[in-house]
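Undergrad: Quick one: sequence and predicted model below, then my questions.
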Amino acid sequence: MARYTGPKSKISRKFGEPILGPCKALKNKSYPPGQHGRGKKRKSSEYATQLAEKQKAKYLYGVLERQFRKTFEIASRKSGVTGANLLKLLEARLDNTVYRLGIAPTRRAARQLVTHRHITVNGEVVNVPSFSLKPGDAVGVRERSKSLEAITKSLSGKAHKFAWLEWNGGEMAGKFINFPEREEIPENVKEQLIVELYSK
């Protein structure tokens with residue numbers, strides 16, 4: 001399965017945000033990486049700004065180019081605003097939902113839990129991180145995996161609640177109620193720039 005395996009801190013410093021999880025380097029070095037990182041910031045072209053926004057969204061959700069473009073094409077065929085549809089589809093991914101429910105501390109950790117067969121959808125084990133959930137789907141931890149330290153530790157620190165998800169701590173299971181509205185998604189992504197980039 002394709003995924004980004006390069007340096008995480010470099011990506012976080014590039015965008016000035018903890019894109020791939022908590023990053024100590026971001027606090028110590030608030031400037032971009034590379035030999036020109038501390039240099040005078042040049043004005044980016046329109047294309048460069050749009051491309052950077054697409055790259056940021058890809059890193060945030062852990063999706064590579066081919067899969068991201070395919071998701072965009074599906075979003076553009078749906079009724080409604082294409083940019084909002086794109087984020088809704090990315091939020092409906094199984095690995096993202098596992099992260100949102102608090103079962104894993106990061107999306108990368110959520111992806112690993114899914115691929116290692118610790119997660120179920122409607123009672124069946126699913127090991128495909130890109131699996132797209134539908135409203136009403138139940139997402140839970142497999143019975144044999146409920147005592148895993150990584151999962152219990154992550155759930156103990158769970159603080160965020162999202163309107164489109166429901167969580168039952170006793171059963172270690174949640175429900176994907178519906179696709180979130182754009183204003184409910186907390187990610188700092190300017191999706192209109194991505195739409196403009198793909199529309200060129």
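TA: Thanks, I have the structure now. Numbering: from 1, shown residues only.
Undergrad: What is the least confident helix or strand in this structure?
TA: Here the helix or strand of the chain ranked lowest by mean pLDDT, DSSP states H and E is helix 24-28, holding a mean of 58.
Undergrad: Show me what the following helix or strand past it is packed up against.
TA: Downstream of helix 24-28, the first helix or strand assigned by DSSP states H and E is helix 46-61. Helix 46-61 sits against helix 8-15, helix 65-77, helix 82-91, helix 191-198, with contacts defined as 3 or more CB pairs under 8 Å, 6 or more residues apart in numbering; DSSP states H and E. For every residue, glycine as well, the C-beta is placed using N, CA and C.
Undergrad: mean confidence score for the third one?
TA: Helix 82-91 carries an average pLDDT of 96.
Undergrad: neighbouring contacts of whatever helix or strand comes next after it?
TA: Going down the chain from helix 82-91, the next helix or strand is helix 94-100, by DSSP H and E. Contacts of helix 94-100 with the rest of the structure, by CB atoms under 8 Å, 6 or more residues apart in numbering, involve 61-62, 90-91, 104-107, 109-111, 113-114, 119, 121, 126, 128-133, 139, 160, 162, 165, 174, 176.
Undergrad: give me that answer again for 7 Å
TA: 61-62, 90, 104, 106-107, 110-111, 113-114, 119, 121, 126, 128-129, 131, 133, 139, 162, 165, 176 (CB atoms under 7 Å, 6 or more residues apart in numbering).
Undergrad: Which of the residues in it are classified as buried?
TA: 94-100 (16 or more other CB atoms under 10 Å).
Undergrad: what's near enough to touch the nearest residue to V98 once chain neighbours are set aside?
TA: Excluding the flanking residues, the one nearest V98 by CB to CB, 6 or more residues apart in numbering is A110, at 3.9 Å. Under the criterion of CB under 7 Å, 6+ apart, the neighbours of A110 are 95, 98-99, 103-104.
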